[in-house]
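A.B. asks: Generate coordinates for the sequence data below:
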Amino acid sequence: MSAYRQAQEPSDEEAIGLVLDGDTEAFAILVKRHRARVTRLGMSFFRDEDDAADFTQDVFVKAYTALASFKGKSLFSTWLLRIAYNTAINSKKRMREQISLDPETEMARAPGADELHLREETALAVRAAMADLPPRQALCIELYFYYDLKYSEISEITGYPVNTIKSHVFRAKRMLRERLGPIREDGDAT
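C.D. replies: Have a look, this model is predicted:
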């Protein structure tokens, strides 16, 4: 085991430097550190654990092969989530193209009733409310709250201007507040 692993784990930038210097095992540090965020993003797009796991692996393979292009102008996590976002968007486009050719594919990908019953009622209510948001608002609010990203980081990931992101987040908050308001008052999702 390398000396840096025995002392303390290196920062993202140090781990990247080690990988680029030939220590390919150092990439495992980056995977370990960022896997959960990438997987959560995958789950938000695909809603299936197996698809999210495949997506996560694909994202890290792409990140590894493109690591030399990381210039440090943003955080590694932002750069990685940009790769993940683009990968997810491209995967969804391919899936839509396949579904348009084979309608039964869409039925096979729908989540089962057992999976839906395992989720907490509150999480279901929030997700249902988010599903009613326009896609750009839903993406921005998800990256803002679930991933705790700054507007500038969301801009780097999505390519949307910062002011547009602020507007999407503001409108999404307002719509969610209106939609979820009855839940807080009544304790009921109806």
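A.B. asks: any idea how the protein splits into domains?
C.D. replies: 1-116, 119-181 (automatic domain parsing).
A.B. asks: any idea which of these is most buried?
C.D. replies: Compared across those, domain 119-181 shows the largest average neighbour count, a mean of 16 (mean count of other Cβ atoms under 10 Å). Every residue, glycine included, has its C-beta placed from N, CA and C.
A.B. asks: Could you give the average pLDDT over that one?
C.D. replies: Mean pLDDT, domain 119-181: 82.
A.B. asks: What does Glu9 show for phi and psi?
C.D. replies: Main-chain dihedrals, Glu9, degrees, to the nearest 10: phi -70, psi 140.
A.B. asks: got the contact list for the closest residue to it other than its chain neighbours?
C.D. replies: Distance criterion Cβ to Cβ, 6 or more residues apart in numbering; nearest residue to Glu9, sequence neighbours excluded, is Ile29 at 5.6 Å. By Cβ atoms under 8 Å, 6 or more residues apart in numbering, the contact set of Ile29 is Glu9, Pro10, Ala15.
A.B. asks: May I see those organised as a markdown table, with pLDDT and distance to Ala129 added?
C.D. replies: Shown next, in a markdown table, are these (pLDDT from 0 to 100; distance: Cβ to Cβ, whole Å):
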| residue | pLDDT | distance to Ala129 |
| --- | --- | --- |
| Glu9 | 86 | 38 |
| Pro10 | 93 | 41 |
| Ala15 | 93 | 38 |
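A.B. asks: now the helices for the protein?
C.D. replies: Secondary structure of the chain (DSSP state H): helices at 3-7, 12-20, 27-46, 49-66, 76-101, 103-109, 113-118, 121-131, 135-145, 151-158, 162-186.
A.B. asks: what helices or strands is the second one leaning on?
C.D. replies: Applying 3 or more Cβ pairs under 8 Å, 6 or more residues apart in numbering; DSSP states H and E, we find helix 12-20 packed against helix 27-46, helix 76-101.
A.B. asks: 10 Å instead, please
C.D. replies: helix 3-7, helix 27-46, helix 76-101 (3 or more Cβ pairs under 10 Å, 6 or more residues apart in numbering; DSSP states H and E).
A.B. asks: on contacts alone, who are the packing partners of the longest one?
C.D. replies: Based on contacts counted as 3+ Cβ pairs under 10 Å, 6+ apart, the elements that helix 76-101 packs against are helix 12-20, helix 27-46, helix 49-66, helix 103-109, helix 135-145, helix 151-158.
A.B. asks: try 8 Å this time
C.D. replies: So helix 76-101, by 3+ Cβ pairs under 8 Å, 6+ apart, packs with helix 12-20, helix 27-46, helix 49-66, helix 103-109, helix 151-158.
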